[in-house]
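In: All I have is the shape, not the residue letters:
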Ligand SMILES: O=C[C@H](O)[C@H](O)[C@H](O)COP(=O)(O)O
């Protein structure tokens, strides 16, 4: 199976977690795009979606799925999204598609985070994938210097402006042994909007696409 077929398999497998009549939290990226297609097939059974990016919003609208603003809902049953890396503790690196801030907000209001990923995303130690950090533009140089102090090598993601009007620094060379501590430290740097480490709030369920089928891991 190709990597895209594995992504499609988990995207469709996630449908069974969607309860009829609910508003669904929807992520961003190539794996989440398969989930959006799957959601389209049951669009008459759900109330709608809260979306984590302009890109996913456009895809959902095209399928006729109603979009709700995050401020209109108190909580969500589930949030379904991909990841760039996931470790054995269900902690993740996210933000390869620059949608990390809205993703973290929707994860925060969701009772269950369901991560959908192909098996190439499974790692023992987070950090081989450069860690995305969304930063207020005027703080770029300062935040970069602080990230160097934490042992990383930040690289400005050229030409990318997030849906919130900010920039992304991708931090290379990190071997993240304590993901909760690293998330907290980076969150504390002035000018950081969001770090793409989902460690304090990891996934509750992971659907992993493998050549032998979809593997379900529960925390
Ligand atoms: O900002 C993007 C998101 O965090 C994605 O969930 C993540 O980058 C994984 O994307 P993909 O499913 O395309 O590998």
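Out: The structure has been received and is ready for your questions. A quick note: this is a predicted structure, and the numbers were derived from the prediction, not measured.
In: Enumerate the residues of the chain near the ligand.
Out: Of all the residues in the chain, those in contact range of the ligand (CB under 6 Å from any ligand atom) are 27-32, 81-84, 94-100, 103. Quick note: C-beta positions are derived from backbone N, CA and C, even for glycine.
In: who touches the most centrally placed residue in the chain in this structure?
Out: Within the chain, the residue whose C-alpha comes closest to the C-alpha centroid is residue 94; the distance, by CA atoms, centre = their mean, is 4.6 Å. Neighbouring residues of residue 94 by CB atoms under 8 Å, 6 or more residues apart in numbering: 81, 82, 83, 84, 100, 103, 132, 196, 198.
In: can you do 10 Å?
Out: For residue 94, the set of contacting residues under the criterion of CB atoms under 10 Å, 6 or more residues apart in numbering consists of 27-29, 52, 81-86, 100, 103-104, 107, 115, 129, 131-132, 194-198.
In: Which phi and psi values does it adopt?
Out: Phi and psi for residue 94, reported as degrees, to the nearest 10, are phi -140, psi 160.
In: contacting residues for the residue lying closest to it once chain neighbours are set aside?
Out: When the adjacent residues along the chain are set aside, residue 94 lies closest to residue 196, with 4.9 Å between them (CB to CB, 6 or more residues apart in numbering). Residue 196 makes contact with 83-85, 92-96, 98-101, 103-104, 129-134, 168, 170-171, 183, 186 under the criterion CB under 10 Å, 6+ apart.
In: List buried residues within those residues.
Out: Buried residues within the contacts of residue 196, defined by neighbour count using 16 or more other CB atoms under 10 Å: 83-85, 92-96, 98-101, 103-104, 129-134, 168, 170-171, 183, 186.
In: quick one, helices of this protein?
Out: Listed in chain order, the helices found in the chain under DSSP state H are 3-13, 30-40, 54-62, 100-108, 140-149, 179-187.
In: what about residue 7, neighbour count?
Out: Residue 7 has 25 neighbouring residues, counting by other CB atoms under 10 Å.
In: Hmm, I typed the wrong one, I wanted residue 39.
Out: Taking other CB under 10 Å as the criterion, the count of residues near residue 39 is 25.
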